Each structure stands twice: as C-alpha cells, then as structure tokens.
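>>> Just to be clear, the model below is a prediction. Sequence and coordinates:
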Amino acid sequence: MQTQRVWDLPTRVFHGALALLIALQYATGEFGLLGMRWHFRFGYATLALIGFRVLWGFFGSQTSRFRDFVRGPRTVLRYLRAQMSTNPQRSIGHNPLGGWSVLALLTSVAVQAVSGLFASDGIDTDGPFAAHVSDSTVKLMTRVHHWNENLLLILIGLHIVAVLLYLLIEHDNLIAPMITGVKRVMPTRELRFANIWLAIALFVLCAALVATLVGLAV
C-alpha cells in the first residue's frame, strides 16, 4: 500500500460547497433561516456548481471524469459480488456502484435547482421564471420541487449510510480522501490531474451563465 493523490482540489471544494449549500437551502426553505431571498441565492450558486461539475466530468482530472467511474450493469453486479466475497474490490476513485450514486445525486440536485426557478408558494414567493410560464407549468414545477426534496433527502441519507458502512465493515475510509485528496492504495500508475485554472474558468463560465439567465428573467 502507498499514499497517492486521488482527488483534485476542485472536486473536493465542489463536494464540500455543495453539501453546505444543500444544508443552507434546507434551512432557509423549511425553517425560514435568513429568508427566501437567500434561498434563491443559494439555489443559483447550486446551479453554477452543478454546471461546473458536469463540465468537470468531461474535462477535469482522471478520477473526476464520468468515463472513469460510470460503468454498465454487468460491472456493477461483478463489483457487488466481489464485495460479498472474501476478496472485496477496492477502487481508487468512485467504485462502480458509487458512480451511479454520484449521477443520481447530481441529477436530483439539478432537478431541485431547476424546478425552483419555476416554483411558487402561491402567496408571495415565486421563482424568477414563474411569471414567464403557464400556471399549469408553475404547479407542476412546484410539485416536482416538493417531491424531489424528499427524494434528495433519501439519496443523501443513503449516501451517508453507504460511506459509514464502507468505513465500519470494510475499513475503507472514503471520507478522509475527499478532505485531504490522498488515499492509501495499491501501487498503480500516476493519475492525470487537470489544471486548477481550467476549473476556475469553467466555474466562472457557469456562474456567469446562471447570473445572465436569472437577470433576464427578473
């Protein structure tokens, strides 16, 4: 076993920032913390982050690219069988099952952020695009926003439980590497890491696009 750099800084910052933004949006939406104006601002920031992560999944570092961890059903089944054997499989980055968990979480967060742009509480709080679509669309998006909130909470709960199970049962710490960027793994070839300035440029691009769209709607 050797210590190796696994996660780049942009991916780790994204992970922490997204977790914080989701917590803040839940607090502002459910408990009125800071008010709904901040709920929308946190939502816009989340949209920019999701946009960045999608682009980083194609142009980022090796372990952050979708092609590195998104696998077909057969690979996932082989991985599950291996985990039940006496020789469990270890992955450097996301394992085949975790890859689909990442996609499910990203999709749910994206649906939550986009639906919020069109949602309305029917009283005094409307998403920036609510006035530009039909009432039926607003009602649909509002329902999606509420239903998907529960789905997202379930996915987050499953994600946390899975990470804890890996730690307690397989003694595979997935938390520390996402904080430090390094992990103890079997000797392997050097991983490819993208330039951090590319990450900054992609995030600035996504943030500018979100700001422009919201500015046009208001």
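Everything's here; your move. Keep in mind the model is a prediction, meaning the values are calculated, not measured. Numbers count the residues shown, from 1 in each chain.
>>> And the strands in this structure?
Listed in chain order, the strands of the chain (DSSP state E) span 2-5, 182-185.
>>> Please identify the most buried of these.
Sort those by mean neighbour count, taking mean count of other Cβ atoms under 10 Å, and strand 182-185 sits at the top with a mean of 16. All C-beta atoms are positioned from the backbone trio N, CA, C, and that covers glycine.
>>> Could you export that one as PDB, CA atoms only?
Extracted as PDB, the C-alpha positions of strand 182-185 are listed here (Å, rounded to 0.1, in the frame of the first residue of the first chain):
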ATOM      1  CA  VAL A 182      -4.800  11.500  -0.800                       C
ATOM      2  CA  LYS A 183      -5.600   7.800  -0.100                       C
ATOM      3  CA  ARG A 184      -3.700   4.600   0.700                       C
ATOM      4  CA  VAL A 185      -4.000   2.400  -2.300                       C
END
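>>> How far off centre is it?
Centre-to-centre, strand 182-185 and its host chain are 22 Å apart (Cα atoms, centre = their mean, to the nearest Å).
>>> Number the residues from 112 up from this point.
Got it, first residue is 112 now, which makes that one strand 293-296.
>>> pLDDT averaged over it - what is it?
Averaging pLDDT along strand 293-296 yields 86.
>>> what sits up against that strand?
112, 113, 114, 115, 116, 117, 201, 203, 284, 287, 288 (Cβ atoms under 8 Å, 6 or more residues apart in numbering).
>>> Report pLDDT for the residue of the chain positioned farthest from its centre.
Within the chain, the residue lying farthest from the chain centre (Cα atoms, centre = their mean) is residue 197, at 31.9 Å. At residue 197, the model reports a pLDDT of 70.
>>> what's the spacing between it and residue 295?
Using Cβ to Cβ, to the nearest Å, residue 197 is found at 21 Å from residue 295.
>>> what does residue 220 give?
Residue 220 is 30 Å from residue 295, by Cβ to Cβ.
>>> Could you point out which of the strands of the chain sits nearest residue 215?
Proximity to residue 215 (Cβ to Cβ) singles out strand 293-296 among those, at 23.1 Å.
>>> Let me see the contact set for the closest residue to residue 233 other than its chain neighbours.
Nearest-residue entry for residue 233: residue 253, 7.9 Å, with adjacent residues in sequence omitted and distances by Cβ to Cβ, 6 or more residues apart in numbering. Listed by Cβ under 8 Å, 6+ apart, the contact set of residue 253 reads 226, 229, 230, 231, 232, 233.
>>> which of those residues are buried?
Among these, those classed as buried by 16 or more other Cβ atoms under 10 Å are 226, 229, 230, 231.
>>> Kindly indicate which of those lies nearest residue 307.
residue 226 (32.1 Å).
>>> right, and the closest one touches residue 252 too?
Yes. With contact defined as Cβ atoms under 8 Å, residue 226 counts as touching residue 252 (4.6 Å).
>>> for the chain, what spans make up the helices?
Ranges of helices within the chain are 120-142, 147-170, 177-180, 184-194, 207-229, 246-280, 286-291, 307-328, based on DSSP state H.
>>> Dump the third one to CSV, restricted to CA.
Meaning helix 177-180. What follows is helix 177-180, C-alpha atoms only, in CSV (Å, rounded to 0.1, in the frame of the first residue of the first chain):
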residue,chain,number,x,y,z
PHE,A,177,-17.6,10.3,-15.8
ARG,A,178,-15.9,7.8,-18.0
ASP,A,179,-13.6,6.8,-15.1
PHE,A,180,-16.4,5.7,-12.8
